[in-house]
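Asker: got a predicted model here, sequence first, then my questions.
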Amino acid sequence: MKADSKIADVDDVPESGSFLFTAEDAFTNERELILVRCAEPPGIEAWTNTCTHEAQRLDRGDGVAMRDGEIVCPRHGSMFDACDGACDNGPAAGSQLPSVEIEVTDGDVLLTDDNYTYLHSGGLADDEPGSTSHLSF
């Protein structure tokens, strides 16, 4: 089992929006992950940064759009509960964001998921296309 890695201070996670970071998965692929505030303890959850409907980044570098405790996909407007990752509307209805195990201790957010190794704050290189959505928040 690997040692826990500090991702951020709790205060680094915005009240509305997200904290974007990059980790390496078990197959050595770099993946973007996000931290978001949640009304249920421990108050912060971690998710993969990809809509379950199609390969659309939820946080494109400026934080996720949030509405009423839900993460909004910028492409088609599907909304994912920030606490459990479930989606009950739009093209992603019936799906759930893959979770990432974290722990909040003494003001620190730690990556505790054995499937990921923390690399750095921020996302991957901006070589992916942005959203073609007409939605704005």
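Answerer: That came through fine. Just so we're clear, the structure is a prediction, and the values are computed from it rather than from any experiment.
Asker: what about stretch 101-116, distance to the chain center?
Answerer: Distance, stretch centre to chain centre, for stretch 101-116: 13 Å (C-alpha atoms, centre = their mean, to the nearest Å).
Asker: tell me how far Gly43 lies from Cys83.
Answerer: Look at Gly43 and Cys83: by C-beta to C-beta, to the nearest Å, they are 10 Å apart. Where you see a C-beta, it was placed from the backbone N, CA and C, and this is true even at glycine.
Asker: so between these two, which is more surrounded?
Answerer: The neighbour count for Gly43 versus Cys83, taken as other C-beta atoms under 10 Å, is higher for Cys83 (16 against 13).
Asker: isn't the more buried one up against Arg37?
Answerer: No: the criterion here is C-beta atoms under 8 Å, and Cys83 misses it with Arg37 at 9.5 Å.
Asker: residue ranges with poor pLDDT in this protein?
Answerer: Scanning the chain with the threshold set as pLDDT under 70 gives 1-3, 126-137.
Asker: let's see 50
Answerer: 1, 127-137 (pLDDT under 50).
Asker: which residue is the nearest non-sequential neighbour of the residue positioned nearest the centre of it?
Answerer: Centre of the chain computed as the mean C-alpha position; nearest residue by C-alpha atoms, centre = their mean is Ile34, 2.5 Å away. Leaving aside its chain neighbours, Ile34 sits nearest to Ser18 (4.2 Å; criterion: C-beta to C-beta, 6 or more residues apart in numbering).
Asker: can you pull the contacts of the one you found?
Answerer: By C-beta atoms under 8 Å, 6 or more residues apart in numbering, the contact list for Ser18 reads 34-36, 58-59, 63-64, 66, 71.
Asker: in strands, which of those appear?
Answerer: Within the contacts of Ser18, residues falling in strands by DSSP state E are 34-36, 66, 71.
Asker: let me know the closest of the residues you listed to Val104.
Answerer: Leu35 (9.8 Å; C-beta to C-beta).
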